[in-house]
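**Student:** requesting a structural model of the entry that follows:
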Amino acid sequence: MSTEITIVVDSREKKPLPISYPIVRAALKYGDYAVQGREGVVAIEWKSAWDWVSCCRSKANRARLERQVKDLVDNVRCPLLVVELPPPEYVVAQKFPGFKRQFCVDEIMRTARTETDIGRFITVFPVMNRLDAAILIEYWLFKWLKD
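**Tutor:** Below is the predicted model:
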C-alpha cells in the first residue's frame, strides 16, 4: 500500500469507517469519502444501516438522499453509494413496526435506477457490515485513480 495517498473523510461523518490508509478529516462538498486532491474524480456516499432505514422511512430523509445522489452524479466523475443492509434482527431490535428488510433492498434498486438531469446514474453497492464497506471504499477509490 502506498502511504502517499490520503483518504479524505468528511468532517460531518460521526463514526468514520475503519480505513487502513492514512486519513484526513475535512468538509467534503460531495460524498463522505474521497482521495485527497482528487475529490472531483471519485467520491463515495456511505449510508449505515440506521441511516438507510431512516432514508427509507422518512420523506425528508429520502429527499436528502436524493439530493446527495444528484450532487454526486452531477459533479463527480465516478460516484458511488455504499449502503449497509440492515440484517432482519436489526430491524426488529430497532422496533420498526411493519418495516420489511426487502423494502430496503427495493429502495436500493430504485436509487440505482434514478437518472439525474444530465442522464447519468449512480452505482449502488449493498454491504453487510462496516468492515465490508471500508474494504469496498478503499478498493473503489484506488481503482478509479488508475483511470
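**Student:** who are the contact partners of residue 76?
**Tutor:** 30-31, 39-43 (CB atoms under 8 Å, 6 or more residues apart in numbering). Just so you know, the C-beta spots here come from the backbone N, C-alpha and C atoms, and that holds for glycine as well.
**Student:** wait, residue 38 sits on residue 78?
**Tutor:** No - using CB atoms under 8 Å, residue 38 is not in contact with residue 78; the gap is 9.8 Å.
**Student:** now list the buried members of the contacts of residue 76.
**Tutor:** 30-31, 39, 42-43 (16 or more other CB atoms under 10 Å).
**Student:** can the residues you listed go into CSV with extra columns for pLDDT?
**Tutor:** Putting the buried ones among the contacts of residue 76 into CSV (pLDDT from 0 to 100) gives the following:
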residue, pLDDT
30, 94
31, 95
39, 90
42, 89
43, 93
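**Student:** next step: those residues restricted to helices.
**Tutor:** Assigned to helices by DSSP state H, none of the buried ones among the contacts of residue 76 qualify.
**Student:** which of the residues you listed lies closest to residue 145?
**Tutor:** Taking CB to CB as the measure, residue 145 lies nearest residue 42 of these, at 7.4 Å.
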